[in-house]
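1. here is a sequence together with a model predicted from it:
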Amino acid sequence: MAKYCTKCGSQCADQATYCPRCGAMLPQRAVEGGTVSHKKRNHTWIVGLVAGVSVLVIVLVSGLAMLMYSKWKDNSTNSDKNILTNQSADEGDPGVDDLNIPYFEGQTAISRGQEGDFEYEEYEDGICVIAYTGSDKRVEIPDTIQNKKVLQVGNNGESVVDTHKVDCVVLPSTVKSIGGAAFKNTSDVMTGLSEHPYAPYNDNFTVEGIVDGITYIGEEAFRGCNFNQFVWPSGTMVMNRWVFESANITTIIIPDTVVQMEEGVFKYSSLQEVSIPGSVSSVGDECFRDCLKLTKVELQDGIKNLCDHAFFETEMLENVSLPDSIELIGSSCFVGSQITEIRIPKYAEAGHTRMDTVESEPFDLDTTLIVAKDSPMHQYASENGYNFKTY
């Protein structure tokens, strides 16, 4: 087959390598019919293949990146959640001690002044009345002073009023806290009398306006006060030390929001009967010590500890039913009472809660104990000379 020179167009032998006319190198693939026809290779499929592979790689890389990002984000979120959860677990809900504080605890008064017959401390969000200087027998504390709400009464461990001269104080409904000794009505000098070792200054002195909105009542707040029946505010979880010591109080209603009864709450008081809810885990040391008129005590299921001297010298108390939840009965807990026989819960033990007293028996030795066979108190009774029965 003839082929043509691509330079001069001359016809050349099929086997010729150079054009005989112009000497140009002849192409190895002939141009047929005198027309230059360079047949090029079709590379389109290669380009398409490369493009397709490139797109696939991009898609795969993008997908992998998105997957990695998604996992990182999830881990980061979970980590944040864990941190928050751990912080919440570490911080926890507010405990009893966190809630048992006066309203203005830790705050600094902006100013101190007097309006009418009332001395007060001013704080950022309210007023604390600290003293009454007037001469009225019945004192009504205002709900606002200097256009701010009265949120606390008493803040310096001293009585707000002279109970020698005042018979009654009426609290406003705005009050959230009653400070320690705010209405203390006795001296600290003992009289030597068994019934009133701390005699009240004024046998008639009382406080009115105790509402559920009150969240704190300080120690000795109502020491020596006069109440026929007292309804403890449901917003106050702790009955602080000596709050009713030497008080002339007949009965009290304790709501199931109370969780703690501290030392000497009713010590030397005239309380005659009481029901303690199961929300109270421990009845504190000397809580009812020398309540000489106490005749009826109801201990509800849930109470765990009756601390040292809790009912010591309650000389008119003849019967008490101990709930099965009781775990500890403290030293001298019922010594001096009129209890002659008492059933002891199966898992209860005799114990000791005060470090400043010598451990002693929880009951008078002539008390007959009814104990569960082979229980801790069965062993205790047999080792300490008690008369006992088993069940």
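-> It's in.
2. what is the burial count for Ala131?
-> 17 (other CB atoms under 10 Å). (Each C-beta comes from the backbone N, C-alpha and C, glycine too.)
3. what about it, which SS state?
-> With DSSP: H, G, I helix; E, B strand; the rest coil as the basis, Ala131 sits in strand.
4. cool, and Met377?
-> helix.
5. you'd agree Ile370 is in a strand?
-> Yes. With three-state DSSP as the criterion, Ile370 is part of a strand.
6. hey, what's it bridged with?
-> Judged by DSSP bridges, the bridge partners of Ile370 are Arg343, Lys389.
7. identify the residues contacting it.
-> Neighbouring residues of Ile370 by CB atoms under 8 Å, 6 or more residues apart in numbering: Glu341, Ile342, Arg343, Ile344, Phe388, Lys389, Thr390, Tyr391.
8. could you report the neighbour count for the spatially closest residue to Thr353 that is not a sequence neighbour?
-> Of all residues not flanking Thr353 in the chain, Cys307 sits nearest, at 4.3 Å (CB to CB, 6 or more residues apart in numbering). Each residue near Cys307 was counted by other CB under 10 Å, and the total is 23.
9. how about Tyr198?
-> If you count neighbours by other CB under 10 Å, Tyr198 ends up with 20.
10. Val358 now?
-> 8.
11. and it, what does it touch?
-> Residues in contact with Val358, defined by CB under 8 Å, 6+ apart, are Ser331.
12. hmm, 10 Å instead?
-> By CB atoms under 10 Å, 6 or more residues apart in numbering, Val358 lies in contact with Ser331, Ser332, His352.
13. before we move on, what about Val335?
-> His309, Phe311, Phe312, Glu313, Thr314, Ser360, Glu361, Pro362, Phe363, Asp364, Leu365, Thr367.
14. of all the residues you listed, which comes closest to Gln300?
-> The nearest member of the contacts of Val335 to Gln300, counting by CB to CB, is Phe311 at 15.7 Å.
15. please report the distance of Gly264 from Phe312.
-> Gly264 sits 11 Å away from Phe312, taking CB to CB, to the nearest Å as the criterion.
16. Phe222 too?
-> When Phe222 is compared with Phe312 (using CB to CB), they lie 21 Å apart.
17. these two: who's more crowded?
-> Between Phe222 and Phe312, counted using other CB under 10 Å, the more crowded position is Phe222 (28 against 23).
18. tell me which helix or strand the more buried one sits in.
-> Using DSSP states H and E, Phe222 sits within no helix or strand.
19. I'd say it and Ala247 touch.
-> Yes. Between Phe222 and Ala247 there is a contact under CB atoms under 10 Å: 5.7 Å.
20. find residues that contact each of the two.
-> Counting by CB under 10 Å, 6+ apart, the common neighbours of Phe222 and Ala247 are Asn185, Thr206, Phe230, Ser269.
21. looking at these, which is nearest Asp167?
-> Comparing the shared contacts of Phe222 and Ala247 against Asp167 with CB to CB picks out Thr206 as the nearest, at 7.3 Å.
22. so the closest one bridges to which residues?
-> Going by DSSP bridges, Thr206 forms beta bridges with Cys168.
23. ok, it - contacts?
-> Residues near Thr206 by CB under 10 Å, 6+ apart: 163, 166-170, 183, 185, 222, 225-228, 230, 247-249.
24. buried ones among those?
-> The neighbour-count test (16 or more other CB atoms under 10 Å) marks 163, 166-169, 183, 185, 222, 225-227, 230, 247-249 as buried among the contacts of Thr206.
25. just these: which are in helices?
-> Using DSSP state H, no member of the buried ones among the contacts of Thr206 falls in helices.
26. narrow these to those in strands?
-> Judged by DSSP state E, the subset of the buried ones among the contacts of Thr206 located in strands is Cys168, Val169, Asn226, Phe227, Phe230, Asn248, Ile249.
27. ok, the fifth one to Val211 distance?
-> Spelled out, it's Phe230. Taking CB to CB, one finds Phe230 at 13 Å from Val211.
28. the second one now?
-> Per CB to CB, Val169 is found 14 Å from Val211.
29. where do the contact lists of Gly264 and Phe312 overlap?
-> Here Gly264 and Phe312 share the contacting residues Asp285, Glu286, Cys287, Phe288, Arg289, Asp290, scored by CB under 10 Å, 6+ apart.
30. from those residues, which is closest to Tyr123?
-> For the shared contacts of Gly264 and Phe312, the nearest to Tyr123 is Cys287 (33.3 Å; CB to CB).
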